[in-house]
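Participant: my questions are about this predicted structure, shown below with the sequence.
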Amino acid sequence: MAYSSPSQEPHHAPLVPDLFTASPPVKDSLVTDTSISQDAVASSCRAFLAGAQEGIRVNRYGVPSLGRERHIRFLEKNLETLPAAFKAADASRPWIFYWCLNGLVLLGVDVSKYRDRLVATARSIQNESGGFGGGFGQQSHLATTYAMVLSLAIVGGEAAYRVVDRRAMWKWLCTLKEPDGGFRLTLGGEIDLPLDLPRDSPSHTPEQLDLFTGLADYVRRCQTFEGGISARPGAEAHGAYAFCALGCLAILDAPHRIFPRYLDMARLISWLSSRQYAPEGGLSGRTNKLVDGCYSHWVGGCWPLIEAAIHGPTIATSIENPSSGVDDLYSREGLIRYILCCGQDQTKRGGMRDKPYQPSDAYHTCYVLNGLSSAQHVTRILSADGDGMLPPWTYEVLSHLDEAQVYNEEDRVSPTDPVYVIPEGKRKDIMSYFSSRPGF
Amino acid sequence: MPAKNKGGNSKAKEAEPKQQVSAEQPPKEAQTIREFVWQQYWSANPIHKIVEEQGLDSLSPADKQTYLNLELVRNTDKVKYLSKKSQRELWKQLSEANVPLRGAPRPRDDQWGRDKKGRDIGDYTLEEYAVYEQKKSRISELDLESTFFKRNRDRAHWETKNATTGEVYIITEDDVRAERGRRQEMAALRSELYGVTSNPYVNDPEWDDVVPIPQEEPEGAIAAISYAEDYAEAMGYLRAVMAVKEHTPRCLRLTEHIIDLNPAHYTVWLYRFDIMKALNIPIADEIEWLNEVSLEHLKNYQIWHHRQLLMDLHYPALQSDEDAIAALAADEHGFLTEILEKDTKNYHVWGYRQYLVRKLGLWDSADELRSVELMISKDVRNNSAWSHRFFLVFGNPKQSTPDSLSMEHDPKVPADIIDREVSYTQEKISLAPQNQSPWNYLRGVLVKGGRPVGSVREFAESFITSLGEGEDKEQVRSTHALDLLADIYKEAGEKEKADLCLRRLGERWDRIREAYWEYRRRKLEE
């Protein structure tokens, strides 16, 4: 049920629940730095959420439409030559590729047109000793390698897959492995919570020590007393690490089996749920920190995995109405309202942002849109037969249909792979390609 | 800007037909170098001036002959095709006319070029032009000296002997310094005259032996950055010295420069660390520099990793010296306090702080506990400070089981510590009951102590009045208390009361999380 134009009902005040316009019912009087900035942000968000912002057209629910064309232009511009001020991104250019390409696919753009250019750029960044650095002549780094492999998977096609020197990369990955189960991000670099690793390493056998040894246990030690997950054992629970941790476990085994084995699910869910605030509707990354659009993904992206884990595997054909019987654990409406009302740059510039009055950038555009995608879809684990390297389970991502959908149907973005955060189906494509080439 | 083409424009004749300027009239004083050069030209070529201004026919027959003769001599090589007799006649006529055979070429208006501000140099005043010329000749002079320097350095390298003195050429530090000065002066002059930006490394003789490796960007590269010249130059030199693993003081300075331009460049940090090790740079010097960089770039991540590597490197030498460890801890503590004052929840800084506690064994450090307590008292909602407190209390190897998980009971933690933490937390909760940080902490403490949540039942209940007794009567001062009470009642088997807490949270007190509270209600049934 979508209402595309407010002009159809010009005299109707938008239907915005007071939850998104009023102060929270319980509020302390004590003022500290944290409460000052929280109050300021909540009040600036309220103005946008009320649907009464000058110059912004809203539907009957007080929600503006997705500025698809503006956001596409913004991302495409970020893939062209960037001004000198972008030198700060010099050591993380593969992330720009990933953010823009993934964001464009979410917005319905066919990015195969970037394949040749990406292949040429990727080759110039790959090191002979394995992996990709942040740019030409830079040491290989786990994070930029991850972003580059995802980018290649997104544009797809053999020409892109063939760029990766798998033998060299595997050797390099082995040198990064730490005895405690974690990985160094780069040789000589810091130890961090392991990022999602592709499971296509030939070294993977359950009996031997391999790249996966100790990973799940490392993740277990990163769960904090708050229930969230931190970068290292003992540190503060943080949304970005929660997603990385769940993604890591979901690569090792199906979520409904592995999550409860390594994590206190009740406390984790409680912590994840606490990340959503009213009136903002958006998500924060840590206790008592402010909402930020990027956590629409880092925290919001945990929900499809958690919900799939709680629900367990389903037989594909049995889902007739995928939305029925969904155990939602958070307010999809609140998140979608935050994203469309507060997360969009409404000027010609386009792009998505942290919060009102912050400039848009490629990072936020990608992760805010991803958050929107996860809020607009339902993820289920499907039992499937193992196919070579492909795990014996897979996911189905279906449109989430709601009786009172506050956004216009044309503003639904594309479905996303819940673990690798690339367009749905792209994971299968790249894995099928490599599973037909067992040696390297 | 003065009008151009003061002379020489044949169209001037049509535009100003009545101004029959004769060549003999004394010229006005030239305002610009262009005018001056024209005046010079006309005074040397009076007949040409008449031709250009009044046409060939206005000349006397003798002048006309002279003019044609001059044109023939100056502009063509046809004289040699004339007969010997005609040639003799030509030279005779020219000699009688007494005109210079080789005058300055006719000025062109585009001959001057523009300066860095886009101003036509022809429009310079004579004084300005003199200064300009002086600078140009200074550059040539310096360039020549620079060439001598390079030649002599080359000779010194091959140990060539000076032919007159018989001594081997040498290059002293003074020579290098002088050369650096010359190049800087040339760079400054070039920038002043032509707006050419100076490249510090090209200008530094110390880097002459390094051939920079430019960034290779394939055609059509995506998201290519159009680097500023200084960054691109420095990076070119970095790639060159990294390729040969050079670990020298000049490389250390180069990394400093690049870090200043882009502190997020992880490769340059790792390289810097290798250089430090190779050169045995005193840690104190490095830390001092690092402190400055850290304060300038609060959100940077590499800085803290570098600091950690420094500590790892430094620590073995100190390990047995308690005083040295204490001094180091005090220095680090001072700096961390300063930086956390500016950015109280900085994840990287807190991460480093925990590393430091583990490395230097600061678990029982009074400084450490006191400063965290101070931070909590300044902002009781600072969750990073609460997290650090948990780390200090339950990670302390003297009073906890090594590698005990955060979410499990640790029987080694003494009961009085659990008591102390419970009462500290309760006191902080009472300041602002809707602050989730201490509530989370309280749950964490109870888990560590192996105590039932029911042990804080009364405390939690004190924030709730008349639950479920009507909208007007019901009062909730903390949704977190209600959340905890749901677990307390569940633990006690009072399912209905637990359900009421969760229902009221979803209905009224924390509606944004309604789906979650409903999920919790369903879990009560399991």
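Facilitator: Right, received. Where do you want to start? Because the structure is a prediction, the values reported are computed rather than measured.

Participant: name the single longest helix found in the chain.
Facilitator: You didn't pick a chain, so chain A it is. Longest helix in chain A by number of residues (criterion: DSSP state H): helix A:33-49.

Participant: the chain in question should be chain B.
Facilitator: helix B:126-157.

Participant: excluding chain neighbours, what is closest to B:W439?
Facilitator: Distances taken as CB to CB, 6 or more residues apart in numbering or on different chains put B:H480 closest to B:W439, at 3.9 Å, once the chain neighbours are dropped. C-beta: built from backbone N, CA, C; applies to glycine.

Participant: state the number of residues packed around A:R115.
Facilitator: 16 (other CB atoms under 10 Å in any protein chain shown).

Participant: hmm, A:A159 and it touching each other?
Facilitator: Yes - assessed by CB atoms under 8 Å, A:R115 is found in contact with A:A159 at 6.2 Å.

Participant: for the chain, where's the lowest mean pLDDT among helices and strands?
Facilitator: Here I'm looking at chain A. The weakest-scoring helix or strand in chain A, judged by mean pLDDT, DSSP states H and E, is strand A:191-192 (a mean of 58).

Participant: not quite, I wanted chain B
Facilitator: helix B:12-15 (a mean of 41).

Participant: average pLDDT for the following helix or strand past that helix?
Facilitator: Beyond helix B:12-15 on the C-terminal side, the first helix or strand identified by DSSP states H and E is helix B:33-44. Average pLDDT, helix B:33-44: 87.

Participant: show residues contacting the longest helix of chain A.
Facilitator: Identification of contacts with helix A:33-49 by CB atoms under 8 Å, 6 or more residues apart in numbering or on different chains yields A:16, A:20-21, A:23, A:28, A:53, A:56, A:62, A:277, A:279-282, A:288, A:290-291, A:337-338, A:341-342, A:355-357, B:344, B:378-379, B:381-382, B:432.

Participant: could you redo the last one with a cut-off of 7 Å?
Facilitator: For helix A:33-49, contacts defined as CB atoms under 7 Å, 6 or more residues apart in numbering or on different chains pick out A:16, A:20-21, A:53, A:279-281, A:288, A:290-291, A:337, A:341-342, A:355-357, B:344, B:379, B:381-382.

Participant: report the buried members of those.
Facilitator: The neighbour-count test (16 or more other CB atoms under 10 Å in any protein chain shown) marks A:16, A:20-21, A:53, A:279-281, A:288, A:290-291, A:337, A:341-342, A:355-356, B:344, B:379, B:381-382 as buried among the contacts of helix A:33-49.

Participant: so A:D180 versus A:V219, what's the distance?
Facilitator: A:D180 is 12 Å from A:V219, where distance means CB to CB, to the nearest Å.

Participant: who has more neighbours, the two?
Facilitator: Neighbour count, other CB under 10 Å: between A:D180 and A:V219, A:V219 has more, with 27 against 13.

Participant: enumerate every residue touching the more buried one.
Facilitator: Here A:V219 is in contact with A:A245, A:C248, A:L249, A:Y262 (CB under 7 Å, 6+ apart).

Participant: which is the next helix or strand following the helix or strand containing A:A153?
Facilitator: In the assignment (DSSP H and E), A:A153 maps to helix A:142-155. Following helix A:142-155 in sequence order, the next helix or strand is helix A:158-161 (DSSP H and E).

Participant: identify each buried residue in that next one, please.
Facilitator: A:A160, A:Y161.

Participant: what's the following helix or strand after it?
Facilitator: Assigned by DSSP H and E, the successor of helix A:158-161 is helix A:166-176.

Participant: now, which of the contacts of A:V219 sits nearest A:D110?
Facilitator: A:C248 (30.7 Å; CB to CB).

Participant: quick one, helices of the stretch 101-250 of chain B?
Facilitator: For the stretch 101-250 of chain B, the helices defined by DSSP state H, counting those that start in this stretch occupy B:126-157, B:173-194, B:229-243, B:249-261.

Participant: which residues sit against the second one?
Facilitator: Judged by CB under 7 Å, 6+ apart, the contacts made with helix B:173-194 from elsewhere in the structure are B:115-116, B:132, B:135-136, B:138-139, B:142-143, B:145-146, B:149, B:196-198, B:203-206.

Participant: give me the below-cutoff pLDDT ranges for the stretch 1-150 of chain A.
Facilitator: In the predicted model of the stretch 1-150 of chain A, residues A:1-12 satisfy pLDDT under 70.

Participant: flag every residue of it that's near chain B.
Facilitator: A:19, A:25-28, A:30, A:32-35, A:78-79, A:81-84, A:86-91, A:93, A:96-97, A:114, A:117-118, A:120-121, A:124, A:133, A:136-139, A:141 (CB under 7 Å from any CB of the partner chain).

Participant: now those: which count as buried?
Facilitator: By 16+ other CB under 10 Å, those give A:19, A:26, A:28, A:32, A:34-35, A:78-79, A:82, A:86-87, A:89-91, A:93, A:96-97, A:114, A:117-118, A:120-121, A:133, A:136-139, A:141 as buried.

Participant: now whichever helix or strand B:V51 is part of against helix B:33-44, angle please.
Facilitator: Assigned by DSSP H and E, B:V51 belongs to helix B:46-54. Counting by axes from the mean of the first three to the mean of the last three CA atoms, to 10 degrees, helix B:46-54 lies at 110 degrees to helix B:33-44.

Participant: tell me what helix B:46-54 is packed against?
Facilitator: With contacts defined as 3 or more CB pairs under 7 Å, 6 or more residues apart in numbering or on different chains; DSSP states H and E, helix B:46-54 has these neighbours: helix B:61-75.

Participant: let me see the mean pLDDT of the helix it packs on.
Facilitator: In the prediction, helix B:61-75 has an average pLDDT of 80.
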